[in-house]
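J.: no sequence for this one, just the structure:
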């Protein structure tokens, strides 16, 4: 299976699980824990420790792409040194992620910086 489709499959396998700040696994996630789980399970994130959205961005900052596409990671923040949120791109208009106070959800893509690694 193509890694991008595997990443999307993993993302949707978590659909409906609750959000909890600081959580990174199995039954509940925050935004970086959600993305980290996907990246680790697809084998493209070798660091085996808890990280923030900013840490994930720093790891992939050299993989910038010009437009969003399937399984890119979107990063949000005041600027690229203050990343506070991350989601996975489903297509040019939608993302899936763990959002504060909500279950993992699909939403319209906002203004973000995207990175390819999957």
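T.: That came through, no problem. For clarity, every value in this text was computed on a predicted model and none was experimentally measured. Residues are numbered from 1 along each chain as shown.
J.: drop to CA atoms for contacts and neighbour counts, all remaining ones
T.: Noted.
J.: how far away is residue 9 from residue 77?
T.: 26 Å (CA to CA, to the nearest Å).
J.: which one of these two has more residues nearby?
T.: In terms of neighbours (other CA atoms under 10 Å), residue 77 is the more surrounded of residue 9 and residue 77; the figures are 16 against 12.
J.: and the pLDDT for the more buried one?
T.: On pLDDT, residue 77 comes in at 88.
J.: does it touch residue 57 like I think?
T.: No - between residue 77 and residue 57 there is no contact, the gap being 10.8 Å when judged by CA atoms under 8 Å.
J.: where in this protein is pLDDT low?
T.: Applying pLDDT under 70 to the chain flags residues 1, 100-118.
J.: could you pull out the helices for it?
T.: Assignment of helices within the chain using DSSP state H yields the ranges 3-13, 31-41, 53-60.
J.: just to revisit the earlier point, between residue 77 and residue 57, which contacts overlap?
T.: By the contact definition CA atoms under 8 Å, 6 or more residues apart in numbering, residue 77 and residue 57 are jointly contacted by residue 83.
J.: got the buried residues for the longest strand belonging to the chain?
T.: Here the longest strand in the chain is taken by residue count, with DSSP state E as the criterion, and it is strand 83-89. Taking 16 or more other CA atoms under 10 Å as the basis for neighbour counts, the residues of strand 83-89 that come out buried are 83-89.
J.: Throw those residues into a markdown table and include distance to residue 31, thanks.
T.: Written out in a markdown table, the entries for those read as follows (distance: CA to CA, whole Å):
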| residue | distance to residue 31 |
| --- | --- |
| 83 | 11 |
| 84 | 9 |
| 85 | 6 |
| 86 | 6 |
| 87 | 7 |
| 88 | 10 |
| 89 | 13 |
